[in-house]
Structure formats: C-alpha cells, structure tokens
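Q: Give me the fold of what follows.
(2 chains)
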Amino acid sequence: DGGITQSPKYLFRKEGQNVTLSCEQNLNHDAMYWYRQDPGQGLRLIYYSQIVNDFQKGDIAEGYSVSREKKESFPLTVTSAQKNPTAFYLCASSARDDGGEKLFFGSGTQLSVL
Amino acid sequence: AQKVTQAQTEISVVEKEDVTLDCVYETRDTTYYLFWYKQPPSGELVFLIRRNSFDEQNEISGRYSWNFQKSTSSFNFTITASQVVDSAVYFCALSEANTGFQKLVFGTGTRLLVSP
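A: Take a look at the predicted model:
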C-alpha cells in the first residue's frame, strides 16, 4: 500500500535534547511538508520541501531543522532551541506544489517533554 | 492575508441527524482552492474534497455535501443522516494558487461527536 509512514507514534524529549521525527513516503511525491498541531488549533506549517536537497521555512520554523537527502524521506529534528515542543506533528506529501494538489498525511507523532 | 474561520469548536448530534459544519474564508486572490479534511481519532488527516474558486457548483458525495458560496466567502459541509463513524475533527483549508507552492492555511477545526 502506498502512503506516508511516520515514526515513532509517541516520543518523549528531555530538556536540552534534540529529537528527530521520521517521515517516509512511497508515493513518489516531489513535495513534502511538516505541520505542527496544538490542541484546539489548526495546523501550522514548519518546513516544506519541493525537491530533493531543497527545503524552505514555513510559518514556525524556529527551533526546528530538516533535511531532504532522498525523495522518500523528510526527517524533522526538534532542537533544544524549541522551548515549547509538546505538540502533534504531521508529515504530508503532494505530487506537485502548485496550490491545488491535495495532501496525503501520515498518522502523526505525539511529542511530549519529560 | 489568508484566513479560515471555523466558528464551531464542537458539535454533538445523535445518529441520523443532519449536521452542517461552517467554514468562512478570507483571501485577496481570485484564484484559490478550498479543501475539507477529516481527522479521525487515529490522527492522520484524510482528504474529503477540493474546490477551485471558479467552480461554485455544489457537490454531493453519498451522505456528504458541500455548499460553496463566493458571495459570502463560505464553504460549508453537510453530513446527512450522521453515523457514529463520522465522529472526528474536520478541518477546512484554503490555498492560493499563485504562491508557487502548496501553502495550505487551516481553520482551527470542528470536532463532531455523533452519539448512537
């Protein structure tokens, strides 16, 4: 089955620690995205990538970093600079990035601070 | 600037009732796309519908229907004869076509609880 796989489902971060959230897709999509979801809020864009080896900051990129070394993979690192990392993180992909393309989402990673 | 407002935070209905989820949007562009996504308890968002700004025809898909009205900047979603499986958070989203990439702006979501 084609789709997006996020891991782990639950992740705990200690103070001062960097953690990495995995996102893999086998849909052969060029564009990939990371969103953050807080309770009672909509999704906010952290980073996006239109092609391999290229990525752009979204609306709330501070404290996060990404890489796009392979088309299938778009990992997100939550650094110690992100002071309020507790949230639900969703990865998504789309075939194109022209605005009208629907997104396919993974099942998310819940990150909590110990 | 783009904005999507879903004023209903939570709606509770009994099975078989009809329910309408409201969505009001703001954009300066004449070309844009509107979306509805469903987020079941499992967490992933599931695409329901996409509508471009030039197509104001209402759409029906089974028990789901959508009413797009540019005059009131609304894109409302109706579920007819609701079922327990419809319980989820529903997000309305807007994308402007000329941003050069898919930047979706989401509303805050409406949680729908359908009781048996």
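Q: For the closest residue to chain A within chain B, which non-adjacent residue is closest in space?
A: Residue of chain B nearest chain A, by CB to the nearest CB: B:Phe106 (3.5 Å). Every residue, glycine included, has its C-beta placed from N, CA and C. Using CB to CB, 6 or more residues apart in numbering or on different chains and skipping residues adjacent in sequence, the residue nearest B:Phe106 is A:Gly42, 3.5 Å away.
Q: Just the helices from chain B, written as ranges.
A: Secondary structure of chain B (DSSP state H): no helices present.
Q: for it, which spans come out with low pLDDT?
A: Scanning chain B with the threshold set as pLDDT under 70 gives B:97-102.
Q: Any residues of it in contact with chain A? List them.
A: B:4, B:9, B:32-33, B:35, B:37, B:42-47, B:50, B:52, B:91, B:93, B:95-109 (CB under 8 Å from any CB of the partner chain).
Q: Mind checking which of the residues you listed are buried?
A: By neighbour count, with 16 or more other CB atoms under 10 Å in any protein chain shown, the residues of chain B next to chain A hold B:4, B:32-33, B:35, B:37, B:43-45, B:50, B:91, B:93, B:95-97, B:101-109 as buried.
Q: most centrally placed residue in chain A?
A: With distances taken as CA atoms, centre = their mean, A:Trp34 lies nearest the centre of chain A, 2.8 Å away.
Q: Just to confirm, what confidence does the model report for that residue?
A: The score at A:Trp34 is 97. That number is its pLDDT.
Q: go on, A:Lys57?
A: On pLDDT, A:Lys57 comes in at 95.
Q: With A:Gly16 instead?
A: A:Gly16 is assigned 86 on the pLDDT scale.
Q: Quick check: it touching A:Thr79?
A: No. Applying CB atoms under 8 Å, one finds A:Gly16 not in contact with A:Thr79, separated by 9.8 Å.
Q: So which of those two has more stuff around it?
A: A:Thr79 (15 against 7; other CB atoms under 10 Å in any protein chain shown).
Q: Look up phi and psi at that one.
A: Here is the backbone geometry of A:Thr79 (degrees, to the nearest 10): phi -90, psi 170.
Q: For it, give me its contacts.
A: Applying CB atoms under 8 Å, 6 or more residues apart in numbering or on different chains to A:Thr79 gives the contacts A:18, A:63-65.
Q: now it: how far from chain B?
A: Distance of A:Thr79 to chain B, computed by CB to the nearest CB, to the nearest Å: 23 Å.
Q: quick one: that residue and A:Pro85, what's the gap?
A: A:Thr79 sits 9 Å away from A:Pro85, going by CB to CB, to the nearest Å.
Q: anything in contact with each of these two?
A: With CB under 8 Å, 6+ apart, A:Thr79 and A:Pro85 have common neighbours A:Gly63.
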